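# just to be clear, the model below is a prediction. Sequence and coordinates:
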Amino acid sequence: MSILIKNGTVITAQDNYVADVYIEKDRIATIGADLKITADKVIDAKGKYVIPGGIDVHTHLDMPFGGTTSSDDFETGTRAAAFGGTTCLIDFAIQAKGTKMRDALDLWWKKGENRATIDYGLHMIITDLPDAHLEDMNDMVREGVTSFKLFMAYPGVLMVDDATIFKAMRQTAQNGALVCMHAENGSVIDVIVRKTLAEGKTAPIYHGLSRPTTAEGEAVNRAIALAEMAGAPVYIVHLSSNDALQKVAEARDRGIPAYAETCPQYLFLSIEDLERPNFEGAKYVFTPPLREKWHQDKLWEGLRTNNLQVVSTDHCPFCFKEQKEMGRDDFTKIPNGGPGIENRLQLLFDGGVNKKRLSVNRWVELVSTTPAKMFGLFPRKGTIAVGSDADMVIWDPNVEHVISAQTHHMRVDYSMFEGFKVKGNAETVLSRGEIIVDKGKFLGKAGRGHFVKRDSYAGAWG
Ligand SMILES: [Zn+2]
């Protein structure tokens with residue numbers, strides 16, 4: 001199968017030019033002006049952008065949490081991602097305490113195979129790390145799992161101590177993997193949560209109020225200090241507040257390889273959403289929580305100045321009915337997470353490019369190129385270049401779209417962005433040279449997505 005995309009405006013992190021792109025089998029074969037090549041299929045992309053497919057490096061499909069499971073599996077979640085112009089994601093396998101990381105990898109491979117409709121990689125969440133298991137980390141790197149996530153929050157469940165984090169970072173300093181940190185001071189938050197509940201405060205808003213921005217700033221600062229001592233880079237996941245951003249910025253000003261992502265929910269929503277009546281605030285319960293509105297401008301500024309390098313979603317959907325409702329009488333029992341895998345490119349394009357906060361190149365960089373570089377997928381993915389995978393999106397910058405649970409493809413009964421009007425949407429989506437979405441129709445199939453082995457010593461070291 002060969003495809004010729006004619007007359008589109010090719011946009012990468014650096015470039016912006018009108019060209020034809022010729023795809024042979026699963027890769028980009030030729031880029032040029034007015035190509036005279038015969039192809040099985042010709043697409044006219046005049047007036048449209050031709051961009052590398054989005055890469056979402058933070059998703060939780062089919063993930064057990066608090067006695068339930070996130071409502072999208074690898075089939076429904078990757079299909080929804082594709083509709084929104086995302087053609088690769090990195091999900092998280094979770095090492096169960098006392099077991100080998102390989103057991104978790106096998107389990108998550110099973111969740112993905114026969115289901116994924118786009119390519120996917122995996123990070124490994126480390127929940128315990130006796131010295132005898134340090135070699136496990138090298139084993140993962142050999143399998144292409146070149147990033148590890150550790151938690152400074154959720155004591156008794158996922159939280160690890162500073163010694164564990166330091167040991168893991170020292171190991172990555174040698175094997176070229178990247179440590180991703182959930183940075184919130186979980187021990188302190190736990191004390192605040194228990195006091196809040198003891199006072200009879202059980203509504204969703206207390207989820208937000210019991211996790212102060214200072215607890216995030218402190219943990220980010222500590223994570224960076226540990227990384228500095230270990231001689232390793234560190235990547236802060238789902239950074240939500242100015243307190244945390246300032247710690248990253250200070251470290252970067254000193255030349256420390258500290259990196260961070262934020263997510264659309266922190267750019268577009270605020271703590272007021274947690275106060276919605278009739279328990280609807282539960283739809284906005286995730287961690288870190290939504291912040292006061294003024295943090296949004298600071299995060300946009302961070303995206304502009306490159307103190308934030310990536311926008312991911314932390315897609316972790318739970319239905320309002322039956323799942324979020326588990327916490328009706330106790331906010332700590334509300335499953336933490338929200339849906340967003342489908343809306344990332346739309347929201348960032350509309351709020352970023354249309355609102356003149358980001359250039360169109362910076363938009364591509366934040367949603368595709370830097371994620372690929374940071375996590376060992378570049379230049380196979382994350383750009384439009386000869387030899388790269390033909391993971392591409394033909395993006396219509398002018399089409400208007402209203403985000404709604406009525407029309408989205410995520411398997412969840414609400415949208416965090418219900419009623420948001422955005423201009424710009426994916427029209428045609430290609431994954432390794434196959435058209436998987438075209439004008440609102442899904443043409444891919446479950447199981448066609450491959451697990452991707454990622455390189456070590458990737459962008460964070462460059
Ligand atoms: Zn997450």
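Perfect, thanks for sending it.
# tell me how many other residues surround Val386.
Val386: 13 surrounding residues under other CB atoms under 10 Å. Bear in mind the C-beta positions are built from the backbone N, C-alpha and C, glycine included.
# repeat that for Phe375.
With other CB under 10 Å as criterion, Phe375 counts 28.
# identify the residues contacting the worst-scoring helix or strand of the chain on mean pLDDT?
Within the chain, no helix or strand scores below strand 64-65, which has a mean of 92 by mean pLDDT, DSSP states H and E. Contact with strand 64-65 is made by Ile94, Cys316, Phe318, Pro335, Asn336, Gly337, as judged by CB atoms under 8 Å, 6 or more residues apart in numbering.
# so of those residues, which ones are in strands?
In strands, defined here by DSSP state E, the members of the contacts of strand 64-65 are Ile94.
# who wins for neighbours among the contacts of strand 64-65?
Busiest of the contacts of strand 64-65 [other CB under 10 Å] is Phe318, holding 32 neighbours.
# which one is that residue nearest to, not counting chain neighbours?
Excluding the flanking residues, the one nearest Phe318 by CB to CB, 6 or more residues apart in numbering is Pro335, at 4.2 Å.
# hang on, the one you found packs against Gly66?
Yes - with contact defined as CB atoms under 8 Å, Pro335 counts as touching Gly66 (5.1 Å).
# ranges for the strands of the stretch 251-400 of the chain?
For the stretch 251-400 of the chain, strands defined by DSSP state E, counting those that start in this stretch occupy the ranges 258-262, 310-311, 392-402.
# got the ones you listed as CSV, with mean pLDDT, mean neighbour count and distance to Asp131 columns?
CSV is the format used below for these (pLDDT from 0 to 100; neighbours: other CB atoms under 10 Å; distance: least, CB to CB, whole Å):
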stretch, mean pLDDT, mean neighbour count, distance to Asp131
strand 258-262, 98, 26, 27
strand 310-311, 98, 30, 32
strand 392-402, 98, 19, 45
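# how about these, which one is nearest Arg276?
Minimum separation from Arg276 across the strands of the stretch 251-400 of the chain (CB to CB) falls at strand 392-402, 19.4 Å.
# ends of stretch 46-65, how far apart?
46 Å (CA to CA, to the nearest Å).
# can you give me the helices in the protein?
Applying DSSP state H to the chain gives helices spanning 74-83, 101-112, 134-142, 162-175, 186-198, 205-209, 213-230, 242-253, 264-268, 294-305, 344-348, 360-364, 370-374.
# adding distance to Phe279, mean neighbour count and mean pLDDT, write the ones you listed out as JSON lines.
As requested, those are arranged in JSON lines below (distance: least, CB to CB, whole Å; neighbours: other CB atoms under 10 Å; pLDDT from 0 to 100):
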{"stretch": "helix 74-83", "distance to Phe279": "25", "mean neighbour count": "27", "mean pLDDT": "98"}
{"stretch": "helix 101-112", "distance to Phe279": "30", "mean neighbour count": "18", "mean pLDDT": "98"}
{"stretch": "helix 134-142", "distance to Phe279": "40", "mean neighbour count": "18", "mean pLDDT": "97"}
{"stretch": "helix 162-175", "distance to Phe279": "36", "mean neighbour count": "18", "mean pLDDT": "97"}
{"stretch": "helix 186-198", "distance to Phe279": "17", "mean neighbour count": "16", "mean pLDDT": "98"}
{"stretch": "helix 205-209", "distance to Phe279": "11", "mean neighbour count": "22", "mean pLDDT": "98"}
{"stretch": "helix 213-230", "distance to Phe279": "25", "mean neighbour count": "21", "mean pLDDT": "98"}
{"stretch": "helix 242-253", "distance to Phe279": "29", "mean neighbour count": "21", "mean pLDDT": "98"}
{"stretch": "helix 264-268", "distance to Phe279": "19", "mean neighbour count": "22", "mean pLDDT": "98"}
{"stretch": "helix 294-305", "distance to Phe279": "25", "mean neighbour count": "17", "mean pLDDT": "98"}
{"stretch": "helix 344-348", "distance to Phe279": "25", "mean neighbour count": "25", "mean pLDDT": "98"}
{"stretch": "helix 360-364", "distance to Phe279": "35", "mean neighbour count": "22", "mean pLDDT": "98"}
{"stretch": "helix 370-374", "distance to Phe279": "35", "mean neighbour count": "26", "mean pLDDT": "97"}
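# alright, calling it a day.
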